[in-house]
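A.B. asks: Here is the input, now give the coordinates:
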Amino acid sequence: MSDAAYPVVRLKPKIDTRALKQGAPWVYADELVTDRRTKALSAGSLAVLQDTNRSNLGLVTVNMGSKIIARTLDQDVDAAIDPQWFAARISSALALRERLYSAPFYRLIHAEADGLPGVIVDRFGDVLVVQPNAAWADVRIDMLADTLLAVTGASTIVKNASGRARALEGLDTETKVIRGAHPGVVEVPMNGAIYMADLAEGQKTGLFYDQRDNHAFAQRLADGARVLDVFSHVGGFGLAALAGGATHALAVDGSAPALDLATRGAEASGWADRFATRKGDAFKVMEALQEEGQTFDLVIADPPAFAPSKKALQNGLTAYSRVAMNAAKLVAAGGYLVLCSCSHAADLAKFRQASLRGIARAGRTAQVIHTGAAGPDHPVHPALAESSYLKALFFRLS
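C.D. replies: Down below sits the predicted model:
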């Protein structure tokens, strides 16, 4: 296909193209000329991106309703976005995961970092949960789904349409099974524990694979410990700690369905007698535990994104500091505290500073013993800071 087959969109004058030429995958709405012809492009359309000198910069997909108005799909402006193109990207991603993991439970596609902008695919054995969080993938969901099945050999695909990203693209929020049968709740073996993932009704894709390596590090601190897992979702750190020899784990979350899945995971793992849950607002539960005089050898707090954007950064950092203060008060002398952030707007330095401020407000002193990130099935795009979003700080408190 020649570039003449695609419409052309152009950057505004004086836009610095160095980042794009070095691999940056996004063009923002205030950087693109939006004349009548460009505005007429339907969401998810393909176009050749050019600079003001009419030099080609790559093949992009356009969504006039998104702040990220263009996303680079291929440096080759003649590329055909067809099943063969999808198969090459998916096969490359699959080869990495199969080298990393012996069992088919992992993030298969991590959006721009795997060459499929806005597309998230998590694998649960024979089931794939797809989040087409960009318009170009949503309008090509059938091609994407069929190619995923052909490359991986999976039989079921759930399209998960929840989350903030789709809303920003102007997309629907209907989650549904688009290939195969309804998967229900799936058992996921990870770090010696069994997790229960509700793939059609659960949060996001059903399980957060990104914390796998951080769960494993926490296990090294868990032998013989009493553990508190705050914002636990389906048992994340708590079940991993029990696999590491913890004597007891208490999971705290605001979602009753998530805690039910956590309990079922503990039962399936054979640890029902060492596992308990408490439903409620995390801050209120931590304050109640303080009033009860409880302490724990290992406390983990893995909250949702308090700073999902730069606009929310200051309020988010305040919330992270408050989490750190309340959690630190529950750590026994010589015990361990794990604090996590999935907010890309709060970089590691800012998150660490907010966490240490909260620990100091609790009257505790800390050693930083480890800094974690997302696992290798969540690769980082070197020109996209947003793809490096997860931080996990491990402290020893005195």
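
A.B. asks: When you work out contacts or count neighbours from here on, use the C-alpha atoms and nothing else.
C.D. replies: OK.

A.B. asks: Extract the CA atoms of the lowest-mean-pLDDT helix or strand in the chain and return them as PDB.
C.D. replies: Using mean pLDDT, DSSP states H and E, helix 164-168 stands out as the lowest-scoring helix or strand of the chain, at a mean of 89. Extracted C-alpha coordinates of helix 164-168, given in PDB (Å, rounded to 0.1, in the frame of the first residue of the first chain):
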ATOM      1  CA  ARG A 164     -10.700   5.500  32.400                       C
ATOM      2  CA  ALA A 165      -8.700   5.100  29.200                       C
ATOM      3  CA  ARG A 166     -11.700   4.100  27.100                       C
ATOM      4  CA  ALA A 167     -13.700   7.000  28.300                       C
ATOM      5  CA  LEU A 168     -10.900   9.300  27.300                       C
END
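
A.B. asks: So which bits of it are buried?
C.D. replies: Judged by neighbour count (16 or more other C-alpha atoms under 10 Å), helix 164-168 contains these buried residues: Arg166.

A.B. asks: List the contacts of it.
C.D. replies: Applying C-alpha atoms under 8 Å, 6 or more residues apart in numbering, the contact partners of helix 164-168 are 66-67, 132-134, 172-173.

A.B. asks: And stretch 60-69, by the same measure?
C.D. replies: With C-alpha under 8 Å, 6+ apart as the test, stretch 60-69 has contacts from 26-29, 32, 39, 41-49, 70-74, 135-136, 168-170.

A.B. asks: Out of these, which end up buried?
C.D. replies: When those are checked for burial by 16+ other C-alpha under 10 Å, the buried set is 26-27, 29, 32, 41, 43-49, 70-74, 135-136, 169-170.

A.B. asks: so after the longest strand anywhere in the chain, what's the next helix or strand?
C.D. replies: Determined from DSSP state E, the single longest strand within the chain is strand 331-341. The element immediately downstream of strand 331-341 (helix or strand, assigned by DSSP states H and E) is helix 348-361.

A.B. asks: What residues of that following helix count as buried?
C.D. replies: If you call a residue buried by 16+ other C-alpha under 10 Å, then helix 348-361 has these buried ones: 348, 351-352, 354-359, 361.

A.B. asks: And the longest helix anywhere in the chain, how far out from the chain middle?
C.D. replies: Ranked by residue count under DSSP state H, the longest helix found in the chain is helix 83-100. Counting by C-alpha atoms, centre = their mean, to the nearest Å, helix 83-100 is centred 19 Å from the centre of its parent chain.

A.B. asks: Beta-bridge partners for Ala47, please?
C.D. replies: When bridges are called by DSSP bridges, Ala47 pairs up with Val60.

A.B. asks: From Val77, how far off is it?
C.D. replies: In this view, Ala47 and Val77 are 8 Å apart by C-alpha to C-alpha, to the nearest Å.

A.B. asks: Identify the contacts common to those two.
C.D. replies: Shared contacts of Ala47 and Val77, counting by C-alpha under 8 Å, 6+ apart, come down to Leu59.

A.B. asks: Specify the residue ranges that define each domain of this protein.
C.D. replies: 3-74, 83-183, 186-397 (automatic domain parsing).

A.B. asks: got any ranges where the stretch 51-200 of the chain has weak pLDDT?
C.D. replies: Within the stretch 51-200 of the chain, no range satisfies pLDDT under 70.

A.B. asks: Kindly report the same for the stretch 201-350 of the chain.
C.D. replies: By pLDDT under 70, the weakly predicted segments of the stretch 201-350 of the chain are 202-204.

A.B. asks: Swap in 80 and give it another go.
C.D. replies: Residues of the stretch 201-350 of the chain that meet the criterion pLDDT under 80 lie in 201-205.

A.B. asks: Helices of that one, residue ranges please.
C.D. replies: Ranges of helices within the stretch 201-350 of the chain are 212-219, 236-243, 256-269, 282-291, 313-328, 348-361, based on DSSP state H, counting those that start in this stretch.

A.B. asks: The stretch 1-150 of the chain too?
C.D. replies: 18-21, 36-39, 83-100, 135-138, 141-152.

A.B. asks: Relative to Ala282, tell me which of those wins on proximity.
C.D. replies: Closest approach to Ala282 among the helices of the stretch 1-150 of the chain (C-alpha to C-alpha): helix 83-100, 34.3 Å.

A.B. asks: Name the residues of that closest one that come out as buried.
C.D. replies: 86-87, 90, 93-94, 97.

A.B. asks: And stretch 191-201, by the same measure?
C.D. replies: Residues of stretch 191-201 classed as buried: 191, 193-200 (neighbour count, 16+ other C-alpha under 10 Å).

A.B. asks: about what we covered before: most tightly surrounded among the helices of the stretch 201-350 of the chain?
C.D. replies: Stretch with highest mean neighbour count among these: helix 236-243 (a mean of 30; mean count of other C-alpha atoms under 10 Å).

A.B. asks: So which other helices or strands are in contact with that one?
C.D. replies: strand 193-198, helix 212-219, strand 226-230, strand 248-253, helix 256-269 (3 or more C-alpha pairs under 8 Å, 6 or more residues apart in numbering; DSSP states H and E).

A.B. asks: again, 7 Å this time
C.D. replies: Counting contacts by 3 or more C-alpha pairs under 7 Å, 6 or more residues apart in numbering; DSSP states H and E, helix 236-243 packs against strand 193-198, helix 212-219, strand 226-230, strand 248-253.

A.B. asks: Ok, which of those comes nearest Thr295?
C.D. replies: Of these, nearest to Thr295 by C-alpha to C-alpha is strand 226-230, at 8.3 Å.

A.B. asks: what pairs with that closest one, and is each one parallel or antiparallel?
C.D. replies: Sheet partners assigned to strand 226-230 using DSSP bridges are listed as strand 248-253 (parallel), strand 296-301 (parallel).
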